[in-house]
Structure formats: structure tokens, C-alpha cells
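Student: model this:
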Amino acid sequence: MGAAFIAGALILSGSPSFAQTNHHPAVIKKTSTAKRASRAKRPHFRRRPHFLAFRGRVNKIDQATMSVTVGKRTFYLDSKTKVFREKHPAILAEGKLGEWVTGSFRKAEHGKLIANSIYFGGKHGSKARAKARANKPRAKRRVSPKARSEK
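Tutor: This next block holds a predicted model:
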């Protein structure tokens, strides 16, 4: 009885058919380290620069070296750096000491911090932010159902 059951199970299960699958176990792609190295040399496989955010108060603006010091970090401007004030293009001379500034930067190979964008007054501008705060109604404090039932 047991042998007949096993034989019936084998007949019903059938043999696997490779024509119905897309997987071919004989073909295995391996990427060698030499191929990966050659990919890295091609321009379309190079990594894009990764930009990091910064924010804080302006401590120093140096026109000669084209740099802005925010906190303890100094960000240098290059030809690709975009400078804004109140959502409009600006120049570095428009920045003021102690003013709120936000932006993004990348780390250069030699350790300098190169600014990608600088927003004097913040990205949305200090005037716009103050106006939005003045017009915004204060939110009511929410009380949990548990706290309501205890009252």
C-alpha cells in the first residue's frame, strides 16, 4: 500500500519541465572585479555629487575668497553656486551678518565645502515666513479620549 502510494505520487507530480520557466540554471552571470572597475571609469556609471544641507546664522562673509561662514563651517562658492534672497536671485554681498541662511553643499576632494545653493533668509524668506506665522491660527490642544473620561 505504501509503495503504491509513493509510485502514484511520483506519476502525478511528473518531471519538471524547463520549457515553462525563464530560469536557466546552466547560465549564471558573474560580474568580475575587472568589469566593475571598467564600469566605474565610464562617465555614465560615475556617481553624482551628493549634496548635504546646512542652516544657521551667518558669522562671516568674505568677498575676496568668495566664502560664507555659518557656525564653525566655511562654505566656498564656485561658478555653479546659486545664491537667493526671498526666492529671487541675489549676490553674495546682499548677505548680512547674523542673518538666517540655509542651503546645500558638497565635499570636494581636497576637503573644502563647496556650496551648491545658498538662501539668505531661509528658503522661503524671513518676511514670507513671518507673514505666514501671523496669519496662521493657533492649533487647539488635543485631549485624548482617556483624559476626557477621567475629567
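
Student: Just the helices from this protein, written as ranges.
Tutor: 2-13, 33-41, 126-135, 145-150 (DSSP state H).

Student: pretty sure K123 contacts S104?
Tutor: No. Between K123 and S104 there is no contact under Cβ atoms under 8 Å: 10.1 Å. (C-beta placed from N, C-alpha, C; glycine too.)

Student: ok, these two, which is more surrounded?
Tutor: S104 (17 against 14; other Cβ atoms under 10 Å).

Student: Surely T69 and R57 touch.
Tutor: No. In this structure, T69 is not within contact of R57 by Cβ under 8 Å, at 9.9 Å.

Student: Which one's more surrounded, the two?
Tutor: The residue with more neighbours, out of T69 and R57, is T69; 16 against 12, by other Cβ under 10 Å.

Student: check contacts around the residue nearest to that one when sequence neighbours are not counted.
Tutor: Nearest non-adjacent residue to T69, counting by Cβ to Cβ, 6 or more residues apart in numbering: K60, 3.9 Å away. Listed by Cβ atoms under 8 Å, 6 or more residues apart in numbering, the contact set of K60 reads 67-69, 74, 97.

Student: For ChimeraX, write a command that selects the buried ones of those residues.
Tutor: Of the contacts of K60, the buried ones can be selected in ChimeraX as follows, counting by 16 or more other Cβ atoms under 10 Å:
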select :67,68,69,74
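
Student: Closest one of the contacts of K60 to V83?
Tutor: V68 (9.1 Å; Cβ to Cβ).

Student: For the closest one, give me its contacts.
Tutor: Residues in contact with V68 (Cβ under 8 Å, 6+ apart) are 58, 60-62, 74-75, 77, 92, 95, 101, 115, 118.

Student: how close does it sit to K146?
Tutor: According to Cβ to Cβ, to the nearest Å, V68 stands 50 Å off from K146.

Student: Who is I114 paired with across the strands?
Tutor: Per DSSP bridges, the residues bridged to I114 are Y76, R106.

Student: shouldn't it be in contact with T74?
Tutor: No. Contact between I114 and T74 fails when scored by Cβ under 8 Å: they sit 10.7 Å apart.
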